[in-house]
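Student: Sharing a sequence plus its predicted fold:
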Amino acid sequence: MSLKQEKYIRAFVAVPIDLNLRIVIQRTQSLLGVHAREFRWTDPAQVHLTLVFLGDTSERDLIALKSQLQSEIADIPSFDLRIDRFGAFPKMHRPRVLWIGFREVPSELRRLQEGIATSSRKIGIDVETRDFHPHLTLARLRNRDTRVDLSQGLDETAIDDSLTFTVRECVLFESVLRPSGPVYSRLASFSLV
């Protein structure tokens, strides 16, 4: 008798963004791309707001998490997010990841993120404990040793800080890493009130 190997899936929970914001991201990437050829730009269709990265997770744990999330976020209402600034990790003067951030972080977003993290831990998924910094990743530096100065590009690229989008759901995604970049597939969706 052979024992079946348990399957693991690289997964995360995120907020998908709407079409209007994808268009803004695509335009922003085009404008910044002239000044930042050292970056690999995120496909606008793949941009999302990561709430909790789960990493390699067993199918069994993902099934349990789906059930847990259904009840954990059942009373969180839909809410709006407004973009307002560029940022970079670890710092703007030495960027490895370039992102767009939000004007403010509504309490509903914090509750959503904390609820997902708590649910994950309850079923034994080890999730990051560092502070939550909500953002949309625009690009990643191709070579970590490269020094980049984005000051001119950022000065010439304005963000439409009147743009808001409504968060109505969060999604459990599978992430498959490919040489051309990650490919994300929806595993489950969870609607907010």
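Tutor: Perfect, thanks for sending it. Numbers count the residues shown, from 1 in each chain.

Student: Helix or strand next in line after the helix or strand of the chain with the lowest mean pLDDT, which one?
Tutor: None of the helices or strands of the chain scores lower by mean pLDDT, DSSP states H and E than helix 151-156, at a mean of 64. Note on helix 151-156: by DSSP states H and E, the next helix or strand toward the C-terminus is strand 164-167.

Student: Partner strands of that following strand and their direction?
Tutor: Applying DSSP bridges to the sheet, strand 164-167 is found paired with strand 79-91 (antiparallel).

Student: Measure how far the strand it pairs with is from the centre of its chain, please.
Tutor: Taking C-alpha atoms, centre = their mean, to the nearest Å, one finds strand 79-91 lying 12 Å from the centre of the chain it belongs to.

Student: After it, which helix or strand is next?
Tutor: From strand 79-91, the next helix or strand downstream (DSSP H and E) is strand 94-102.

Student: I'd like to know which elements the helix or strand just after that next one is packed against.
Tutor: For strand 94-102, the following helix or strand on the C-terminal side (DSSP H and E) is helix 107-122. With contacts defined as 3 or more C-beta pairs under 8 Å, 6 or more residues apart in numbering; DSSP states H and E, the packing partners of helix 107-122 are strand 48-58, helix 59-72, strand 79-91, strand 164-167. From N, CA and C alone the C-beta is placed, and that goes for glycine too.

Student: Relative to residue 23, which of those is closest?
Tutor: Residue 23 sits nearest to strand 164-167 of all those, at 11.5 Å, using C-beta to C-beta.
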